[in-house]
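1. the sequence and its predicted three-dimensional model are supplied below.
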Amino acid sequence: MQGIDNSATRGVARVAVFVAALAALAGAPARAELAPNSCGWATRIGADQLNVAFPDTAAEYWIAAVPMPPGGFVEVSGNYPHARYMSIIDYTAAAQSIDGLADVQIPPDPGSTNPFDAGGDRTASQRSYTVKVVSGAVPAGAARAPNTIYSTSADGTRTAPPGTALLIYRVYEPDSGLDLSGGEGLPALTLVDATGGRTPLPRCPDDSLPLTALTQQLAAQGASGSSPLPNTGLGSTNPPQWVKFTNFANGAATGVLDNQDTGGSVYPPVASATNTLPSGGFFDNVNVAYVVTFYSAGFGPVLAFRAKAPTTPPTLAGWPTMGTGQVRYWSVCTNSSASVVYGCAHDDQVPLDAAGEYTVVISTAANRPANATMGCGAVWLPVGPAPQAVVILRNMLPAPDFANAIQNATQGTELQTMGPYYPMGRYFAHVSEFEHTGCNTPTW
């Protein structure tokens with residue numbers, strides 16, 4: 001656990017220093033003059049980099065903190081990547097999402113094509129876009145300007161750091177063989193002041209951390225057999241229950257109080273109270289909804305889930321036309337309580353049976369059942385060295401008619417709303433107990 005804590009502490013400290021530096025950007029002059037070291041996308045979050053805030057292993061997240069010109073705006077311009085998804089989202093200093101646009105919500109520049117539109121040409125060579133980030137609250141309905149991101153949420157509860165735009169550019173699952181940006185590089189950032197004066201931000205030097213395989217090393221740790229440590233009960237129930245993520249405080253309350261001992265007494269009023277706080281946290285994605293549950297080795301060394309999989313558009317192999325699905329993307333990931341991701345299964349990595357259902361098996365690497373393999377119709381995820389882990393299921397950009405999406409659930413209605421897409425879980429007291437279920441025969 002020491003390795004995880006140190007890694008997470010360093011990562012959180014780096015983010016804290018980065019966000020603290022935003023204060024120095026406040027009060028930028030009208031001409032948006034920059035400090036000599038100012039640049040664009042300065043920090044990258046990812047499983048192989050700054051592994052904090054529960055990142056998805058299929059995604060890369062680039063962060064920029066730039067001065068907002070008084071009376072002006074920040075311009076973001078680039079080319080749509082060759083990938084499953086991209087977005088631009090702005091945040092508070094507390095890592096809560098404010099507003100944002102997904103790829104399909106960004107009309108292209110004149111003469112260009114948006115390859116993310118349903119039926120769009122994913123091979124188009126002319127694929128540029130331009131987005132503005134402006135000061136002010138998100139307006140209602142038709143009053144919202146096209147290709148515009150606002151610095152304050154519609155309800156006024158979340159706002160950007162003073163004088164600053166804190167942005168994250170996301171790319172999920174670049175096409176096979178392409179770089180992390182999906183083959184099109186990062187978008188350019190330009191400060192446009194009240195007079196129309198333009199100040200382009202220079203590209204940042206590559207500050208990528210060395211590829212140490214630390215995440216894989218942490219994920220591979222953990223004892224065999226039953227857990228040598230007692231089950232504290234934090235955040236875990238048997239059978240496991242999924243809770244929709246709403247905000248940082250509620251997530252913390254769920255992790256501590258939603259368990260066998262306090263889940264029916266102390267947790268409900270605390271959950272209700274924390275849900276009155278502003279939504280978001282952990283650099284959440286406005287295009288994604290999450291449900292969370294907890295693995296606890298005290299209930300058994302192996303945890304398995306079964307559910308129906310939402311359909312998604314295929315993109316990884318470079319399909320020439322953008323397809324559709326019930327969701328744009330989904331995944332299930334295991335993480336430490338310090339927000340370090342151990343591993344994820346992305347939708348196109350999950351084997352499905354004839355009914356379109358999947359099996360996810362979760363354990364330490366030492367306790368991995370022999371039949372927890374793709375060949376046996378199951379995807380396996382590690383839980384690392386601690387006796388407990390956080391499990392997150394994501395749904396991204398659901399189709400309007402997909403009523404079972406996580407986005408349509410509220411806390412307490414997860415099972416009812418998600419129906420067959422709600423993963424039903426079971427603990428196994430021994431590794432051999434799961435192995436006795438056989439191959440491609442989920443009798444449990």
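-> Thanks, I have it.
2. show me the domain layout of the chain.
-> What automatic domain parsing lists as the domains of the chain is 2-200, 216-435.
3. what about the first one, distance to the chain center?
-> Going by CA atoms, centre = their mean, to the nearest Å, the spacing between the C-alpha centre of domain 2-200 and its chain's C-alpha centre is 15 Å.
4. what's the mean pLDDT across it?
-> Domain 2-200 shows a mean pLDDT of 83.
5. and the domains of the chain as a markdown table, adding mean neighbour count?
-> For glycine as for every other residue, the C-beta is placed from the backbone atoms N, C-alpha and C. Shown next, in a markdown table, are the domains of the chain (neighbours: other CB atoms under 10 Å):
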| stretch | mean neighbour count |
| --- | --- |
| domain 2-200 | 18 |
| domain 216-435 | 19 |
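6. quick check, residue 252 in a strand?
-> No - applying DSSP: H, G, I helix; E, B strand; the rest coil, one finds residue 252 to be helix, outside a strand.
7. which residues touch the closest residue to it other than its chain neighbours?
-> Nearest residue to residue 252 in three dimensions, chain neighbours excluded: residue 274, at 8.0 Å (CB to CB, 6 or more residues apart in numbering). By CB atoms under 8 Å, 6 or more residues apart in numbering, the contact set of residue 274 is 246, 247, 249, 250, 252, 253.
8. which residues touch the first one?
-> So that's residue 246. 274, 275, 279, 411.
9. what two of those are the furthest from one another?
-> Within these, 279 and 411 form the most distant pair, 12.0 Å apart (CB to CB).
10. just the strands in the stretch 101-250 of the chain please.
-> For the stretch 101-250 of the chain, the strands defined by DSSP state E, counting those that start in this stretch occupy 128-137, 148-152, 164-174, 188-192, 198-200, 243-244.
11. can you lay out the ones you listed as a markdown table showing distance to residue 290?
-> Output for those, formatted as a markdown table (distance: least, CB to CB, whole Å):
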| stretch | distance to residue 290 |
| --- | --- |
| strand 128-137 | 25 |
| strand 148-152 | 22 |
| strand 164-174 | 15 |
| strand 188-192 | 28 |
| strand 198-200 | 36 |
| strand 243-244 | 7 |
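12. tell me which of those strands lies nearest to residue 322.
-> So among the strands of the stretch 101-250 of the chain, strand 164-174 is nearest, using CB to CB, at 13.4 Å.
13. for that closest one, packing partners?
-> In terms of contacts (3 or more CB pairs under 8 Å, 6 or more residues apart in numbering; DSSP states H and E), strand 164-174 is packed against strand 59-67, strand 73-79, strand 83-91.
14. that strand pairs with which strands?
-> Sheet pairing for strand 164-174, assigned by DSSP bridges, gives strand 59-67 (antiparallel), strand 83-91 (antiparallel).
15. with distance to residue 370 added, can I get those strands in TSV?
-> As requested, these are arranged in TSV below (distance: least, CB to CB, whole Å):
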stretch	distance to residue 370
strand 59-67	31
strand 83-91	32
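16. nearest to residue 369, out of those?
-> Using CB to CB, the nearest of the strands paired with strand 164-174 to residue 369 is strand 59-67, at 28.5 Å.
17. can you give me the distance of the residue lying farthest from the centre of the chain to residue 136?
-> What lies farthest from the middle of the chain is residue 195; by CA atoms, centre = their mean that is 37.6 Å. According to CB to CB, to the nearest Å, residue 195 and residue 136 sit 19 Å apart.
18. repeat that for residue 168.
-> 20 Å.
19. now residue 192
-> 15 Å.
20. again, but for residue 411
-> The value you get for residue 411 to residue 136, if CB to CB is used, is 31 Å.
21. which residues of the stretch 151-300 of the chain fall in helices?
-> With DSSP state H, counting those that start in this stretch as the criterion, the stretch 151-300 of the chain has helices at 214-219, 248-257, 267-274.
22. quick one: which of these is nearest residue 407?
-> In terms of CB to CB, the element of the helices of the stretch 151-300 of the chain nearest to residue 407 is helix 248-257, at 16.7 Å.
23. what packs against that closest one?
-> Under the contact criterion of 3+ CB pairs under 8 Å, 6+ apart, helix 248-257 touches helix 267-274, strand 288-296.
24. residue 298 is nearest to which of the helices and strands packed on strand 164-174?
-> Short answer: strand 59-67, nearest of these by CB to CB, at 31.7 Å.
25. that closest one to strand 128-137, inter-axis angle?
-> Put simply, strand 59-67 runs at 60 degrees to strand 128-137, going by axes from the mean of the first three to the mean of the last three CA atoms, to 10 degrees.
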